[in-house]
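Would you be able to build a 3D model of this:
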Amino acid sequence: MGIDRPPRLSLGLPTTRRRHAVGAHRGCRTFPAPLWRPAVACLLAAMLTLGGCGAPTNAPSSSTVSADSTTLTVYVLQGFDPQETGVSSSEYLLRQAGALFEERHPGATVNVTVGIPANGGLTAEDAIRTLNAELAAGEGPDVLVLDGLPLEQLTAQERLQDLTSLKDGLDSSTYFTNIVQAAGASHAVPVSFSLPIVAGSTALISQAKTASDLATLIAEDPAFADALAAGTGVQELRATFYPLLIENGTLNQEALVSFLSSAKAVLLAAGERWHTLNPESDIDTLELALQNLSRPAVGGFSSCDLFLEEGTALTLGSLSSAVDYAYLLLEEEQAPQPCTHKPLAEGAAPVFTPHTLLGINAATAQPNLAEDFVAFLLSDEVQENLLGAGMGTGIPVNKSAFTELNTEANGYSVSFMDEATASKGEGGGVEYSRGPLSAEEMTACVRLIESATTPVVYDQVIVDALADALRRCCNGAATVEEAAVEAARVISLRLEA
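Next comes the predicted model:
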């Protein structure tokens, strides 16, 4: 099975400029440049010269797998069509990594199954109920991607194998241990992660200590609302508030109201800016943002809103790839006003979202093969050569791979064409570029990553309830308080299940 790569879209609202993607080349891998934001084609060309595509050098130790024919089933809750959504999802990464794993382990077969196939029509609640029934019967998949699944419930019911021995082998010189140790406790380990960030005018950002402070300023001060990027969604707010919503298995009603109020303020302001800058557009920015609330947060800085979108001086986004930090710096350097960035935080500690969070079925008949597969996904081969090429969402948890991807870069650039030029197939356009990250910048990036100590592990049923409540209070069907009451009912029932 060959390895290919889909385009990748940021899942915020559309930006106000049309951009045409041009190809990019990384070492031994040639691939199309990613696409950023719906209906927008934007070149993201990282001018990287990477080393060879060899075997892993820092993989955790794993047991020897026999050449006997064995099958490993890997479960992921949601499948996304990357051509429609632009999400390089866990499903896509697992299929590519599975092909490589089969090559390294003769006789082994990796089957990836999806609980909710793309455009399948099932609800998350139905899919999770079916999975729970299989696990309760001592059956089900060997490896589970826990993104969107009720991790605490599965752990309490002893459905997951203890991964302490594997995680103890992930040392701080090779891995971001604040990420791999915090996410999933002893029963799960992430392949990658993302960080919610607020970036923009130093003068504006300095006035907001928390995410809710920022949302209040956006709602009440035109200087903030008029500066907000038109492509801003609320996935970063979702990440920031989620750990406060559910505390020790109990819903925090006050945090729920605060989230809905903050998200409503951001969505309404971003939507108004979009239609002000694009008066002829018929895009339903609210519905698009709510659909995206249930998807992984990707990108947000390579669209370069801080210097390409008229009047924009404030944006929310995620660091969700190994090179996103460099593009954040590029955007700040090109902006017409002094800019800064910081974690988008509501609680005391910055949060991170683990992606492709892996657990092993406690009843698997293939425990050694399953652990080998998990270890393989943490290896240099997957972390650098697959995640580094955009197959999957997030920053690699393998610090060595992350460092290698950045230190071997010659520089970073973005290029844009207007729609008229692109439609004629003409060359040209405008390119913005910067050199490789300096040692000081790499240190600052690592320090930013290591400041994040609170994992955000979603239950998809709860995220869907948040989206429904936000839809009701944004379209006027309910007040924030009324929408919160209904959402609390659904979420509380979920927590009691």
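
contacts and neighbour counts: CA atoms only from here.
OK.

what is the rounded mean pLDDT of stretch 262-280?
The pLDDT scores in stretch 262-280 average 94.

let me redo that: stretch 285-301
pLDDT averaged over stretch 285-301 gives 77.

got it, and stretch 336-349?
Rounded mean pLDDT across stretch 336-349 is 93.

Give me the distance from the host helix or strand of residue 255 to the chain's centre.
Per DSSP states H and E, residue 255 falls inside helix 253-277. Here helix 253-277 shows a centroid-to-chain-centroid distance of 20 Å under the convention C-alpha atoms, centre = their mean, to the nearest Å.

who does that helix touch, helix- and strand-wise?
On a contact count with 3 or more C-alpha pairs under 8 Å, 6 or more residues apart in numbering; DSSP states H and E, helix 253-277 meets helix 211-220, helix 222-225, helix 235-245, helix 285-292, helix 460-474, helix 480-496.

will you turn those into TSV that also has mean neighbour count and distance to residue 129?
Output for those, formatted as TSV (neighbours: other C-alpha atoms under 10 Å; distance: least, C-alpha to C-alpha, whole Å):
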stretch	mean neighbour count	distance to residue 129
helix 211-220	20	34
helix 222-225	17	42
helix 235-245	24	22
helix 285-292	19	22
helix 460-474	21	11
helix 480-496	17	11
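
what about these, which gets the closest to residue 174?
helix 235-245 (26.1 Å; C-alpha to C-alpha).

What segments of the stretch 251-400 of the chain are strands?
314-319, 339-343, 351-360, 395-396 (DSSP state E, counting those that start in this stretch).

strands paired with the shortest one, and their directions?
Right, strand 395-396. strand 189-201 (antiparallel) (DSSP bridges).

tell me the average confidence for the partner strand?
The model assigns strand 189-201 a mean pLDDT of 96.

Give the ranges of residues in the stretch 51-200 of the chain that sit below the confidence cut-off.
Scanning the stretch 51-200 of the chain for pLDDT under 70 picks out 51-69, 80-88.

For residue 494, give me its contacts.
461, 462 (C-alpha atoms under 8 Å, 6 or more residues apart in numbering).

Need the pLDDT of it.
93.

That one and residue 127, how far apart?
Residue 494 sits 14 Å away from residue 127, going by C-alpha to C-alpha, to the nearest Å.

how about residue 401, what does it touch?
Contacts of residue 401 by C-alpha under 8 Å, 6+ apart are 380, 383, 384.

go on, residue 398?
With C-alpha under 8 Å, 6+ apart, residue 398 has these contacts: 174, 175, 176, 378, 379, 380, 383.

my read: the second one touches residue 399, true?
The one in question is residue 175. Yes. Between residue 175 and residue 399 a contact is recorded at 4.6 Å, counting by C-alpha atoms under 8 Å.

What separation do you get for residue 290 and residue 466?
For residue 290, the distance to residue 466 - C-alpha to C-alpha - is 9 Å.

next one: residue 311
31 Å.

if we can go back for a sec, can you tell me which of the contacts of residue 401 is nearest residue 135?
residue 383 (29.3 Å).

Kindly provide the distance from that closest one to residue 193.
Where residue 193 is concerned, residue 383 sits at a distance of 12 Å (C-alpha to C-alpha).

go on, residue 468?
26 Å.

same thing with residue 125?
24 Å.

between those two, which one's more packed in?
Set side by side, residue 125 and residue 193 show more neighbours around residue 193, with 26 against 16, by other C-alpha atoms under 10 Å.

which residues touch the more buried one?
179, 320, 352, 353, 354, 355, 393, 394, 395, 396, 397.

let's see 6 Å
The neighbours of residue 193, taking C-alpha atoms under 6 Å, 6 or more residues apart in numbering as the test, are 353, 354, 355, 394, 395.

Could you give the number of residues near residue 120?
Neighbour tally, residue 120, other C-alpha under 10 Å: 11.

Do me a favour and get the end-to-end distance for stretch 395-410?
End to end - C-alpha to C-alpha - stretch 395-410 spans 19 Å.

If you could redo that for stretch 221-238, that was the one I meant.
End-to-end distance (C-alpha to C-alpha), stretch 221-238: 22 Å.

Do I have it right that residue 236 meets residue 198?
No. Between residue 236 and residue 198 there is no contact under C-alpha atoms under 6 Å: 8.8 Å.

doesn't residue 410 fall inside a helix?
No. Looking at residue 410 with DSSP: H, G, I helix; E, B strand; the rest coil, it is strand, so not inside a helix.
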